[in-house]
Structure formats: C-alpha cells, structure tokens
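Colleague: I would like to see how this sequence folds:
(one chain, ligands or ions: 1)
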Amino acid sequence: MVQFPEQFRWGTGTYSYQVEGAAHEDGRGESIWDRFCATPGTIVNNESGLVACDHYHRYAEDIALLKQLGVQMYHFSIAWPRIMPTGRGPVNQLGLDFYDRLVDALLEAGIEPFATLYHWDLPQALQDELGGWANRETAYAFAEYVDVVTKHFGSRIHNWLTLNEPAVTAFEGHEIGIHAPGARDVRLAWQTTHHFLLAHGLAVPIIRANGDEKTRVGITLNFTQLDPVSDTPEDVAATRFMDGKMHRWFLDPIFRGAYPADVVKHLGDYVPKTETGDAEIIARPLDFLGANYYTRSVIKHDPTAFSEYPSVDVEGVEHTEMDWEVYPRGIYNMLTRLHREYAVPRIYLVENGAAFADAVNPDDTVDDPRRIAYLREHLLQVHTAIAEGVPLAGYSVWALLDNFEWSEGYRMRFGIVYVDYPTQKRIMKASGHWYQKVIASNTVH
Ligand SMILES: OC[C@@H]1[C@@H](O)[C@H](O)[C@@H](O)c2nc(CNc3ccccc3)cn21
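Modeller: Got it, this is the predicted structure:
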C-alpha cells in the first residue's frame, strides 16, 4: 500500500469534441473534425462526434459522477467553434453560456476546473480561409480566441492549458493523415508544429493578463516510452530521432528556448520557417507542464524513412484494445526525465488510461479488472517518481466517460464510466468504484 502526499490532487477528464455532441446546436460552428468525420472511410463505422455522449445536455449528470468519484479537479476543453463559430470575429454568447453552466456547476461541486483551450477542434472556417495550422495567421487567430475566453472566465478558471498534444495533432493530422484535417504532407506537418508552439506562446501572457493572482498556465504534451528494437547504431539513432520528433521538439523550445539541434540537422530544408522573436514568445515561462502517458513504442530503423520510423510489436506482453503495450515503468521514466532534464516547476499527469473490451453484466455492472490493474501499476510507478522528488501535483485518469476515440470511433472504451450510447445511460465501472476508494484514502493498494 502506498500513501500519496497530503495535497496531491486526483482528477479525471473529457474533451469537447469527444463527449459534447450538440454539434449543430446553439450557434456552434463547424470544426475540422466535423468535416473529417463526414469524409467516408476516415472513421471506423463512419462515426462522428455529432452526438457523442450528449454531454452538452447531460453535463449536470456527469458532474454528479465527478462528485461521486470525489475528484478534486476536472480536465475539459473549450470548443473554439462554440465560442467563435467562424474562428475569428463574432462571439457566440450561447457558446459562452454553456461553459458558464459547466464551470459554475463544477465550482458549486467544489471541483477545480482545468481548462484546455484547444483540443484539436479547429473552426473549419480557418481551415478553409487560411489553410488552418499551416498558416502562421492561425496562431494569431488562436490568441484572439484565447483573449475572449480568458476575459470571460479568468476569475473562475485558474488552471489553463493552452494546447493538448501539439505533436499528435500536427503529425497525425498533417503527416500521417488519420486525424483532422487529414493532410499527408511532411513539410507542412513540421511547419504546423511551429505554429502550434507560436500559438501557445502568444496565449501565455493573454491568459495571465485576463486572470488573477491564482492563475496558472501550462501546456499538455504527450510522452511515450521509446526503446530501440536492438542496440545497433541505426536502431538507436532512429529512436533518438523519434524522441526528438515527439518529445524534445516541443520540450526544448518551451523550456530551453531553442529547437533541438540534432532534429534541426536531420530535417535540413524541411525545418519550419520561423521569424525573429518567435523563440522568445514560445519560451515564455510556465507554471506547470501537463503530461500524458499511455504506452511504449519499440522503434526500428528503416532506410527509406525520413520523418517517421516504424515501431515493432512486442510479443508476449499485455496490450490494450488500442494494441498499445502496457508498460508502467514508462510513466516513471517520463516523470523522472522531465524532472532531471528540464527542471519543470510542477507537473500534472493529465491523461493516463487504457481501452479494454468492457461489457455490461446482466445486473448492470461493468467489471474491468484489466483497467484496475493498469491504473494500479501506473500509479505505483507514479508514487515512486514522487518519492524521488518529482514535483507531480496531481494525476488525472483518462477518461471519465467512454467517448469518441477519434479515428477509432466509439469502439474503444477508455472510461471509468461506461456509456451505453443508444440510451446515453452512464454506468460506473468497477475501475470507477476502485478509483473512488483511491481518492478517498489517497492511497493505492
Ligand atoms: O487515445 C486516448 C486519448 C485520446 O482520447 C485523447 O483525446 C488524446 O489527448 C490522447 N492522446 C493520447 C496519446 N497519444 C496518441 C498517439 C497517437 C494517436 C493518438 C494519441 C491518447 N489520447
């Protein structure tokens, strides 16, 4: 049994496009994910977030679940297309009204809102008019949106995350093409990474100016344990590059003020175009780093690869429904690395969780022992990292609810609460009851 620190905060989360639904309600504009999902063949079963978990209408019921769990914090994202339906200019009051209801209900329940300003749902109008994140202008449009939102919520929301996982939305969305907007252009993908980082840096002083003495700002980056399939120089170099692409390309400009030289060298003339002053904007000091961890990837050299090296399957070890290896030691490695190499002032673990094939029993219960085991093993590693001095302030399990899992649609269930989509009925899974006890006792057995 391990005891977590007195002030350690426990949470969970959801994100706008994955749970809200109400895609055409109350003035919400189209997002690039609406457009992407409408393109046949992009999403399993051609599903979309049009209805999702109907959280837009059922948020009070979902907050009651948060209260039942006993969480102290709740991660959610604000949908830019609800606030500014065309991405710039006119503000949609009904969009602000929804998040007013959500935030006020959270505060009423004694739950700290942790708001992410961008979780991949760019207004489609900006994709049409500017080319989306390929255009530097979109970073400035993001800053305008951030100003509107933080002016409105700055006295009630004190923990802000500018972006969720710029690496994932940059490369899955613009290089691999399995996320919105579905581009497959290496040069464009790397250029978007710079515009995401610029957007982040532009947002930081705006959030502070519109907040108060309790306002804290961060960004959420995703981390995967990366190991070479062998110790050959080629496999080691391929792994080092992928660590650069997925991790150091974002950590270094934010915490060290410059892109990592080895990646810049590798990219050659594919390196993003930047402007004087960008580096200083991107490196504006943060109060905390949000970190997501799920799994390990074992990387193999490929002589034809340039920007993406392949990973190999690891046989004989547990995998989740996403075919992600269960590798708890990786969360310890990630946390201690951030502390050792980047001296991050404070860290929140924003997402950690697993998709398993959950099913409802005849008595309306859901047994998910594999998820309990996954969470327990990762939390034990988290505890070891904290005991070694990592300034981890809180942990949030992904996710509160089963939800729209991007290109996988609804077949992947990450929730500690089961969602029966045809009826929208919520059922707390065994992992939810287990997590409730972890929070109440602040211990993991
Ligand atoms: O896939 C589970 C969650 C997803 O639902 C969240 O919206 C997103 O923030 C999230 N990020 C990761 C980590 N990495 C990742 C890698 C490749 C594709 C998608 C996500 C997992 N997840």
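
Colleague: Longest helix in the chain, please.
Modeller: Criterion DSSP state H: the longest helix present in the chain is helix 186-209.

Colleague: Beyond that helix, next helix or strand please.
Modeller: Next helix or strand after helix 186-209 toward the C-terminus (DSSP states H and E): strand 216-228.

Colleague: Pairing partners for that following strand, with directions?
Modeller: strand 159-164 (parallel), strand 288-299 (parallel) (DSSP bridges).

Colleague: What average pLDDT does the first one get?
Modeller: Strand 159-164 carries an average pLDDT of 98.

Colleague: can you give me the angle that strand makes with helix 186-209?
Modeller: 170 degrees (axes from the mean of the first three to the mean of the last three CA atoms, to 10 degrees).

Colleague: Please report the distance of residue 320 from residue 204.
Modeller: Shown here: residue 320 relative to residue 204, a distance of 34 Å by CB to CB, to the nearest Å. Where you see a C-beta, it was placed from the backbone N, CA and C, and this is true even at glycine.

Colleague: what about the two, which has more around it?
Modeller: Taking other CB atoms under 10 Å, residue 320 and residue 204 do not tie; residue 204 has more neighbours (24 against 20).

Colleague: Now for that one: which residues touch it?
Modeller: With contact set as CB atoms under 8 Å, 6 or more residues apart in numbering, residue 204 has these partners: 162, 217, 284, 286.

Colleague: and this structure, which of its residues are near the ligand?
Modeller: Residues of the chain lying near the ligand by CB under 6 Å from any ligand atom: 15, 18, 164-165, 168, 172, 222, 292, 294, 351, 398, 405, 414.

Colleague: Near the residue of the chain found nearest the ligand, how many other residues are there?
Modeller: Residue of the chain nearest the ligand, by CB to the nearest ligand atom: residue 222 (4.4 Å). Residue 222 has 20 neighbours, counted by other CB under 10 Å.

Colleague: Bridging across strands, which residues link to it?
Modeller: Residues in beta-bridge contact with residue 222 (DSSP bridges): residue 292.

Colleague: who touches the nearest residue to residue 119 once chain neighbours are set aside in this structure?
Modeller: Spatial nearest neighbour of residue 119, excluding adjacent residues (CB to CB, 6 or more residues apart in numbering): residue 77 at 3.7 Å. Counting by CB under 8 Å, 6+ apart, residue 77 touches 15, 16, 115, 116, 117, 118, 119, 121, 164.

Colleague: Now a ChimeraX select for only the buried ones of those.
Modeller: This is how ChimeraX selects the buried members of these, with burial counted by 16 or more other CB atoms under 10 Å:
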select :15,16,115,116,117,118,119,121,164
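
Colleague: Quickly check the contacts of residue 77 for the two that are furthest apart.
Modeller: 115 and 121 (14.0 Å; CB to CB).

Colleague: just to revisit the earlier point, can the residues of the chain next to the ligand go into a markdown table with extra columns for distance to residue 308?
Modeller: What follows is the residues of the chain next to the ligand, written out as a markdown table (distance: CB to CB, whole Å):
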| residue | distance to residue 308 |
| --- | --- |
| 15 | 25 |
| 18 | 25 |
| 164 | 21 |
| 165 | 16 |
| 168 | 13 |
| 172 | 11 |
| 222 | 16 |
| 292 | 20 |
| 294 | 18 |
| 351 | 22 |
| 398 | 24 |
| 405 | 21 |
| 414 | 25 |
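
Colleague: and residue 385, what are its phi and psi?
Modeller: phi -60, psi -40 (degrees, to the nearest 10).

Colleague: pLDDT score for it?
Modeller: For residue 385, the model assigns a pLDDT of 98.

Colleague: quick one: it and residue 332 touch, right?
Modeller: Yes - the criterion here is CB atoms under 8 Å, and residue 385 meets it with residue 332 at 5.0 Å.

Colleague: which residues in the stretch 301-445 of the chain form helices?
Modeller: Taking DSSP state H, counting those that start in this stretch, the helices of the stretch 301-445 of the chain run over residues 329-337, 369-387, 430-441.

Colleague: what residues does the second one touch?
Modeller: Meaning helix 369-387. By CB under 8 Å, 6+ apart, helix 369-387 touches 2, 4-5, 8, 293, 318, 320, 326, 328-329, 331-332, 335-336, 339, 349, 352-354, 356, 358, 392, 395, 397, 416, 429-431, 434-435, 438, 444-445.

Colleague: Could you pick out the buried ones from those?
Modeller: So, by 16+ other CB under 10 Å, the buried ones in the contacts of helix 369-387 are 4, 8, 293, 320, 326, 328, 331-332, 335-336, 339, 349, 352-354, 356, 358, 392, 395, 397, 416, 429-431, 434-435, 438, 444.

Colleague: Show me the strands in the stretch 1-150 of the chain, by range?
Modeller: Using DSSP state E, counting those that start in this stretch, the strands of the stretch 1-150 of the chain run over residues 2-3, 9-13, 73-77, 112-118.

Colleague: any chance of these in TSV, plus distance to residue 212 and mean pLDDT?
Modeller: Formatted as TSV, the strands of the stretch 1-150 of the chain follow (distance: least, CB to CB, whole Å; pLDDT from 0 to 100):
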stretch	distance to residue 212	mean pLDDT
strand 2-3	33	98
strand 9-13	20	99
strand 73-77	18	99
strand 112-118	14	99
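
Colleague: Okay, now the unreliable bits of the protein?
Modeller: Nowhere does the chain drop to pLDDT under 70.

Colleague: Is it correct that residue 188 is in contact with residue 134?
Modeller: Yes - checked against CB under 8 Å, the pair residue 188 and residue 134 is within contact range at 5.1 Å.

Colleague: what residues are shared contacts of the two?
Modeller: The contact sets of residue 188 and residue 134 overlap at residue 174 (CB under 8 Å, 6+ apart).

Colleague: Quick one: residues contacting residue 100.
Modeller: residue 152.

Colleague: now swap in residue 235 and tell me
Modeller: Residue 235 neighbours (CB under 8 Å, 6+ apart): 228, 229, 299, 300, 301.
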